[in-house]
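Engineer: 3D, please:
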Amino acid sequence: MNSQGYFNDKIQILDLDNLVLRETRGAPDPQYGYPPLRYKHTGVLYTAQGVRSVYLFGGRNDKTTFGDLWRLSVDDDKATNLAVC
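Structural biologist: The predicted structure follows:
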């Protein structure tokens, strides 16, 4: 939620090498679209073999408690819904 109490469907990414802040919505997952808007979720940045990804888990909105896992590729802004075992 933003400071006015509304959900925001954009992600802010700070490039620390160039000190540039950009905002993106990302490209939707071909099958699942965009992650539903939420709050009280967990997010972590993970880098492996030079590929930077933000993982988003769980959270809730006014109607649903989520147990889903999403990955956003920082380099190409692609959202992917990942199955949770």
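Engineer: with only the CA atoms kept, save the least confident helix or strand in the chain by mean pLDDT in CSV.
Structural biologist: Within the chain, confidence by mean pLDDT, DSSP states H and E is lowest for strand 11-15 among all helices and strands, at a mean of 81. The C-alpha coordinates for strand 11-15 follow below in CSV (Å, rounded to 0.1, in the frame of the first residue of the first chain):
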residue,chain,number,x,y,z
ILE,A,11,7.9,-2.1,-8.4
GLN,A,12,10.7,0.4,-7.8
ILE,A,13,14.2,-0.8,-8.6
LEU,A,14,17.3,1.2,-7.6
ASP,A,15,20.3,0.6,-9.8
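Engineer: chain center to it: distance?
Structural biologist: 11 Å (C-alpha atoms, centre = their mean, to the nearest Å).
Engineer: pull out the buried positions in it.
Structural biologist: 11, 13 (16 or more other C-beta atoms under 10 Å). The C-beta positions use only the backbone N, C-alpha and C, and glycine is treated the same way.
Engineer: for that strand, which strands pair with it and how are they oriented?
Structural biologist: Counting by DSSP bridges, the strands paired with strand 11-15 are strand 20-24 (antiparallel).
Engineer: for residue 65, what are its contacts?
Structural biologist: Residue 65 sits next to 58, 59 when contact means C-beta atoms under 8 Å, 6 or more residues apart in numbering.
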